[in-house]
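Chemist: Let's see this in three dimensions:
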Amino acid sequence: MSHDQVRVARALLSVSDKAGLVDFARALSARGIALVSTGGTHKALTEAGLPVTEVAELTGFPEMMDGRVKTLHPAVHGGLLAIRDNPEHQAALAAHGIGAIDLLVVNLYPFEAMIAAGRDYDDCVENIDIGGPAMIRAAAKNHADVAVVTDVSDYGAVLEALAQGGGTLTRPFCRQLAQKAYARTAAYDAAIANWMSAHVEAAGTAPFRSFGGQLAQGLRYGENPHQAAAFYRAPGIARAGIATARQVQGKDLSYNNLNDTDAAYECVAEFDPARAAAVAIIKHANPCGVAEGASLTEAYARALACDPTSAFGGIVALNKPLDADAAREIVKIFTEVIIAPEASEEAIAIVAAKKNLRLLLAGGLPDPRAAGETVRTLAGGLLVQGRDAMVVDDMALNVVTRRAPTEAELADLRFAYRVAKHVKSNAIVYAKGGATVGIGAGQMSRVDSSRIAAWKAAEGAQRLGLPDSLAVGAVVASDAFFPFADGLMAAAEAGATAVIQPGGSMRDDDVIRAADAAGLAMVFTGVRHFRH
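Modeler: Residues are numbered from 1 along each chain as shown. Next up is the predicted model:
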């Protein structure tokens, strides 16, 4: 046998997920590979009529403590860790009657599924695997002599490699399996650590943090063609959206598609479907039009009217199931992605006529109030923060001007602030009648964002043949305070009648006086929505 080959004579199988187990074990047994297994795995293989030794026969100890202790024994770990060409190791195996284990097949207790299902604390703790990760790490460390399989999807590749190698596996192949095994246990431990951190400390305060994920999709490239990229699902996080979505049709999603679609769906989720249908159209992770309506068709038309030029090639997110009428309107212009909680069969058939258009059905809406974390990489580190789970409907709005907003203005102020939360800072949003009419995003000065939003509103009026800007009679939202009165005055000059902003500037009094002088109503939220 070549030095670069690993002969497989005995395999230990101990799996929580029994999918494909019997067929895989039968194929191993047919190659003359001796089988050892534990608990439920042993029962499944025995019932299938396969010759299999229970691990208790190796260790001389029965499973105990409700199965918590069964594989933590030298008879198991010695068989996994012994270096085959090390005389001292081989002498130790012989002296203690330990047989080598050449193939380890383990998948872990379903801890991530428990926390995703919202199971209680004790249930989750009981589903923290101990023996599995210990065996995986032992086998992976000794990958020069042992193959370790942690993923059901690798069963076929292992059998094919054994067939090609005449009962042996190559060391490079075992090294690949070992890398995957360490990544699996790292993601598993990360899920446990992050879940426990939520029970003992606030986000960002733990002395050590771990983050893990499972590959959901390999991507052709990242933001640009020279950047490698992939999409990973975070284990144990059951947040409706991109990670839960079923792609009904269309081309593979790109890195930018995924990023923009996530931004679109988080934005539209701010709008309660019990109150009204809502549509958000996103371009480059920024809203270019958001609206509510009596139907999705009406909401889409109003959102599109805000900036139809930017909407071309954008992402459309809906807060209700896609229906046929809305589908017919959306497919009239080039759209990259549609995402909705669900869709009717008729709507799916309509979208199918555009074969490249991606249709994603997420199965629900993400809760904008839900706790969670966002993570961003820095050179040599990570920035971690709690997600922005503040919702304007929960905020106490403080009227700071002589004139209070009317009921209609107040409804639009709340609407505009929901949108501003999802616009890159500096953010200015004009809204009227439950629809955006001008959005200024991502400028270095807030007054420039105000001017851009006002220009968009004036451009919209020209498209519709109206004499006055759409900003006339609209309200305006700012994601952070106006540091000077100039941004506010730009809104007033554009025709806005009411303003919503966090407040908190050293010059708040100057801004309030300017609002009073212009006859504006203004409310402070006390909550900033920076989105960098």
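
Chemist: Residues contacting the strand or helix carrying residue 290, please?
Modeler: If you go by DSSP states H and E, residue 290 is part of strand 286-293. Contacts with strand 286-293, where a contact means CB atoms under 8 Å, 6 or more residues apart in numbering, come from 263-264, 267-268, 271, 275-282, 299-308, 310-311, 314, 415, 419, 422-424, 434-436, 439, 441-442. C-beta coordinates here come from the backbone N, C-alpha and C atoms, glycine included.

Chemist: ok, residues contacting the helix or strand just after it?
Modeler: Once the chain leaves strand 286-293, the next helix or strand it forms, by DSSP H and E, is helix 296-306. Outside of helix 296-306, the residues within contact range by CB under 8 Å, 6+ apart are 276-281, 288-293, 311, 316, 318, 320, 322-323, 325-326, 329-330, 333, 434-439, 456, 460, 463-464.

Chemist: can you rerun that using 6 Å?
Modeler: By CB atoms under 6 Å, 6 or more residues apart in numbering, the surrounding residues in contact with helix 296-306 are 277-279, 281, 289-293, 311, 318, 320, 325-326, 329, 435-437.

Chemist: State the three-state secondary structure for residue 439.
Modeler: Each residue gets one of three states, and residue 439 gets strand by DSSP: H, G, I helix; E, B strand; the rest coil.

Chemist: Near it, how many other residues are there?
Modeler: 28 (other CB atoms under 10 Å).

Chemist: which regions of the stretch 1-150 of the chain sit below the pLDDT cut-off?
Modeler: 1-3, 60-62, 64-70 (pLDDT under 70).

Chemist: List the backbone torsions phi and psi for residue 234.
Modeler: The phi/psi pair for residue 234 (degrees, to the nearest 10) reads phi -80, psi 120.

Chemist: from here on, count from 648
Modeler: Okay, using 648 as the starting number, the last item reads as residue 881.

Chemist: these two touch, right, it and residue 860?
Modeler: Yes: applying CB atoms under 6 Å, one finds residue 881 in contact with residue 860, separated by 5.3 Å.

Chemist: So which residues of the stretch 898-1047 of the chain form helices?
Modeler: Using DSSP state H, counting those that start in this stretch, the helices of the stretch 898-1047 of the chain run over residues 902-915, 943-953, 955-958, 971-977, 992-999.

Chemist: mean confidence score for the strand holding residue 937?
Modeler: Mean pLDDT, strand 933-940: 96.

Chemist: show me where the stretch 798-947 of the chain has strands.
Modeler: Taking DSSP state E, counting those that start in this stretch as the criterion, the stretch 798-947 of the chain carries its strands at 815-817, 861-866, 876-880, 893-896, 924-930, 933-940.

Chemist: which residues are contacting the third one?
Modeler: Residues outside strand 876-880 that contact it (CB under 6 Å, 6+ apart): 860, 861, 862, 863, 864, 865, 866, 868, 869, 890, 902, 905.

Chemist: Mind listing the strands it pairs with, and their directions?
Modeler: Strand pairing for strand 876-880, using DSSP bridges, gives strand 861-866 (antiparallel).

Chemist: just to revisit the earlier point, ok, of the contacts of strand 933-940, which come out buried?
Modeler: 910-911, 914-915, 918, 923-929, 946-955, 957-958, 961, 1062, 1066, 1069-1071, 1081-1083, 1086, 1088-1089 (16 or more other CB atoms under 10 Å).

Chemist: tilt between the strand holding residue 937 and strand 924-930?
Modeler: Taking axes from the mean of the first three to the mean of the last three CA atoms, to 10 degrees, strand 933-940 and strand 924-930 form an angle of 170 degrees between their directions.

Chemist: I'd like to know the beta-bridge partner residues of residue 1046.
Modeler: residue 1170.

Chemist: okay, now it: neighbour count?
Modeler: Residue 1046 is surrounded by 13 other residues when neighbours are defined as other CB under 10 Å.

Chemist: what about it, distance to residue 1145?
Modeler: To residue 1145, residue 1046 is 10 Å away according to CB to CB, to the nearest Å.

Chemist: Run through the residues that contact residue 1134.
Modeler: 1093, 1094, 1097.
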